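Undergrad: here's my sequence, what's the structure:
(one chain, ligands or ions: 1)
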Amino acid sequence: MAQAKIRLYVEHPLVAGQPIPLTEAQAHYLFGVMREGVGSLVRLFNGQDGEWIAEVTTAAKRGGALTPREVSAPQLNPPDLWLLFAPIKKARTDFIVEKAAELGAARICPVQTEFTNADRIRQDRLQAHALEAAEQCGGTYVPEVADLAPLSKVLAGWDPARRILWADESLVGAAETLAGLAPGPWSILIGPEGGFSEAERNRLRALDFVTPVSLGPRILRADTAACAALTLWQAALGDWR
Ligand code: SAM
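TA: Next comes the predicted model:
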């Protein structure tokens, strides 16, 4: 059963022999675009039951069914790492969500800071990007994308047991490092193109659960900064070690 190349996310429990109905879009993709049919093998995941090889058991223009046959990979959840980021331009925000899913963030939270240009996001579209990224990178987990929320409100209700690694552009060039960070639940915080305001910076500095960090001697674009911080955290405390 090794020739299954197509990977799909489904919202149903994966149980051997229990057929899963296809959505119209999945049927169109599988049978119309990819020209698969009854007997074809597909890899499925649902974010909880690992990855399964499933067989197309019914194929129609607008629907069909896949029947899971055997587990092909165990469920692998990412470390308890969230990404808080201020949305930027559409394509770059899409990029941040896609890369966060690939790099192993467990939750993605868009936050509105004082200098954030966007006052709304399309949460459903960003969630679809996270899902597509998981489908393509072989992940069995899809990070939830939260709705946009003001940073001040998020901080007011924050559980201090989860530390925040704050990418602070005012530290550019400082010799701050990630060495010595304690394991546990973490979140990374990345600011918008305009950076953090002085008021936000003062508030973040005063919070015990916030650790400011420099990402090197140059100012990075927010999307680059998100990838760099996720990579550094994963190498120091995550599942890349
Ligand atoms: N307009 C800001 C300035 O000129 O100082 C730069 C903001 S930067 C484009 C966007 C975000 O990326 C920052 O708010 C910060 O979270 C992060 N960032 C970029 N470069 C960084 C660095 N070298 N160290 C720490 N954080 C950085």
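
Undergrad: quick check: residues of the chain near the ligand?
TA: Where proximity means Cβ under 6 Å from any ligand atom, the interface of the chain facing the ligand comprises 167-169, 171-172, 190-191, 193-196, 214-216, 218-222, 225. For glycine as for every other residue, the C-beta is placed from the backbone atoms N, C-alpha and C.

Undergrad: quick one, what contacts the residue nearest to Ala161 when sequence neighbours are not counted?
TA: Here the nearest residue to Ala161 in space, its sequence neighbours aside, is Pro185; by Cβ to Cβ, 6 or more residues apart in numbering that works out to 6.3 Å. If a contact means Cβ atoms under 8 Å, 6 or more residues apart in numbering, then Pro185 has Asp80, Leu81, Trp82, Ala161, Arg162, Arg163 as its contacts.

Undergrad: now the residue nearest the centre of the chain: how far from Arg120?
TA: The centre of the chain sits closest to Ala101, judged by Cα atoms, centre = their mean, with a distance of 2.8 Å. Between Ala101 and Arg120 the computed distance is 21 Å (Cβ to Cβ, to the nearest Å).

Undergrad: with Asp159 instead?
TA: Asp159 sits 26 Å away from Arg120, going by Cβ to Cβ.

Undergrad: so what's the one residue in the chain that gets nearest to the ligand up against?
TA: Going by Cβ to the nearest ligand atom, the ligand is nearest to Gly191 of the chain, at 2.3 Å. Residues near Gly191 by Cβ under 8 Å, 6+ apart: Ala86, Thr113, Phe115, Ala167, Glu169, Ala222.

Undergrad: which residues in this protein form strands?
TA: Taking DSSP state E, the strands of the chain run over residues 7-9, 20-21, 41-45, 51-59, 64-73, 81-85, 107-112, 144-145, 149-150, 163-167, 186-190, 210-213.

Undergrad: pairing partners for the second one, with directions?
TA: Taking DSSP bridges as the criterion, strand 20-21 pairs within the sheet with strand 64-73 (antiparallel).

Undergrad: and the partner strand, how far out from the chain's middle?
TA: For strand 64-73, the separation from the chain centroid amounts to 24 Å (computed by Cα atoms, centre = their mean, to the nearest Å).

Undergrad: and the contacts of that strand?
TA: Contacts for strand 64-73 (Cβ under 8 Å, 6+ apart): 1, 4, 8, 10, 14-22, 26-27, 30-31, 41-44, 50-58, 138, 140.

Undergrad: again with stretch 14-32
TA: By Cβ under 8 Å, 6+ apart, the list of residues contacting stretch 14-32 reads 6, 8, 10, 12, 36-37, 40, 42, 44-46, 49-50, 52, 54, 56-70.

Undergrad: just the buried subset of those, please.
TA: The neighbour count (16 or more other Cβ atoms under 10 Å) marks 8, 10, 36, 40, 42, 44-46, 49-50, 52, 54, 56, 59, 64-68 as buried among the contacts of stretch 14-32.

Undergrad: my guess is Leu215 contacts Ala225, does it?
TA: Yes - in this structure, Leu215 is within contact of Ala225 by Cβ atoms under 8 Å, at 5.6 Å.

Undergrad: and this protein, what are its domain boundaries?
TA: 7-73, 81-237 (automatic domain parsing).

Undergrad: what distance separates the start and the end of the first one?
TA: Distance between the boundary residues of domain 7-73 (Cα to Cα, to the nearest Å) amounts to 12 Å.

Undergrad: let me see the mean pLDDT of that domain.
TA: For domain 7-73, the mean per-residue pLDDT is 97.
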